[in-house]
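Student: Just need the structure, nothing else, for what follows:
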Amino acid sequence: MQRSKITRNLLAIYAIGVLLVLYMPLFATTLASISEHRYFSFPFSAFSTRWYEKMVDSLTVAELIKTSLTVAAMVTIITVVVGFFAALAFARYDWKGRKLFQKIIILPIFFPQTVLGLALLIWFTFLGITPSWKTAVVAHAIWITPITTLIMAIQAYSLDPSLEEAASDLGASRRMILWRISLPLMLPSMISAALFAFLMSWGNFALSMYTDGADVTMPEWLYAKMVGGYSPLIPAMGTFSVIAAGITTLLFFFAVKFMKPKEKIYE
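Tutor: Presented below is the predicted three-dimensional model:
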C-alpha cells in the first residue's frame, strides 16, 4: 500500500515535470509579449499590450497572415481531396501495383524538409517557374499529402465493405456509393486530416524558405526578425499563432464530434 502511494506520487511529479517542459516555453513567450520593455526580463516592472496593438495595426503582419492563411487553406483542400482517394486506393481496393503504391506514397514523409525544399527550388528553376506562394503550396502538398493519406487510410481499413456491396446490389451507381456511403463514413478522418494539414502548413518554415520566393509566410518572418532586429512583436505574433492554432483545433474537434455519420446513411 505504501509503495503504491509512493509510485502514484512519483508518477504525478513526473507528469507535472513533463507538462512544465512542454508548456513553460509557451508561458515565457506569452509573458515576453506583454512586457513593456524591449527585451525579456523577470520579474517585470511593467505590463503592456502595446505590442499586440502594433501587431493589429501593422500592414506587414496583415499581409503575412493573409499569405500564411492562403497557403495553409489551399494545402488543406488539395491534400484532403488527394488523400481521400489515395486512402481508398491504399486501403480499400485490391489492384495490381497496390503494394508498390503503398510504399511510394509515404516516401516524402522521410525526406528532410530542407533537402526536399532545395530539390523543388532547383526543379522549379529548371522549369522556368518563378517561386511564389503558389509553389510553396505545391511543396507543402507534396510533403503533407502522405500524412493525410495515412490518417484517412486508418479509417478506410475499418470500413465495412458489405455496406458498399449492399448499395450496389440495390442499384446504386459508383458515384452514389461514394457520395452517400464512403464519404460520410470517412468524414471524421477527413476532418482530422484537414486539421493536421492546416496546422503543419501554417507552421512550416523549411519548405517555405526555399519555395515561396518574394512572398513571406509567418514562420519565415519570425525567424528573420529573431536573427536581425528583435522586438516583443515577435512573441506577440507567436502567442497569437498558438492561440489561433488552439482555436482551430477546438473547432475541428467539435466538427468531428457533431458531424459523425448518422444511421440513416445505412438505410
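
Student: can you map out the helices along the stretch 101-250 of the chain?
Tutor: 113-127, 133-158, 161-169, 174-177, 183-202, 206-211, 218-227, 233-258 (DSSP state H, counting those that start in this stretch).

Student: just the angle between the second one and helix 218-227, please?
Tutor: Using axes from the mean of the first three to the mean of the last three C-alpha atoms, to 10 degrees, the direction of helix 133-158 lies 120 degrees away from that of helix 218-227.

Student: Could you give me the buried positions within helix 133-158?
Tutor: The neighbour-count check on helix 133-158 (16 or more other C-beta atoms under 10 Å) flags 133-153, 155-156 as buried. Every residue, glycine included, has its C-beta placed from N, CA and C.

Student: now do the fourth one
Tutor: Residues of helix 174-177 classed as buried under the neighbour-count rule (16+ other C-beta under 10 Å) are Ile177.

Student: what's that helix in contact with?
Tutor: The set of residues external to helix 174-177 that reach it, using C-beta atoms under 8 Å, 6 or more residues apart in numbering, is Glu164, Ala167, Ser168.

Student: Just the CA trace of that helix, in PDB.
Tutor: Taking C-alpha atoms only, helix 174-177 is exported to PDB below (Å, rounded to 0.1, in the frame of the first residue of the first chain):
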ATOM      1  CA  ARG A 174     -20.400   4.100 -58.000                       C
ATOM      2  CA  ARG A 175     -20.800   7.900 -57.700                       C
ATOM      3  CA  MET A 176     -23.800   7.500 -55.400                       C
ATOM      4  CA  ILE A 177     -22.000   4.900 -53.300                       C
END
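
Student: could you give the mean pLDDT of it?
Tutor: Here helix 174-177 scores 75 as its mean pLDDT.

Student: Tell me the pLDDT of Ser45.
Tutor: 66.

Student: repeat for Lys5
Tutor: pLDDT, Lys5: 78.

Student: in the host helix or strand of it, what's buried?
Tutor: Secondary structure assignment for Lys5, by DSSP states H and E: helix 2-33. Within helix 2-33, the residues that qualify as buried are Thr29, Leu31, Ala32, Ser33, counting by 16+ other C-beta under 10 Å.

Student: Could you tell me the phi and psi values at Asp94?
Tutor: phi -100, psi 120 (degrees, to the nearest 10).

Student: ok, so what distance separates it from Gln155?
Tutor: 18 Å (C-beta to C-beta, to the nearest Å).

Student: What is the helix holding Lys5 packed up against?
Tutor: With contacts defined as 3 or more C-beta pairs under 8 Å, 6 or more residues apart in numbering; DSSP states H and E, helix 2-33 has these neighbours: helix 233-258.
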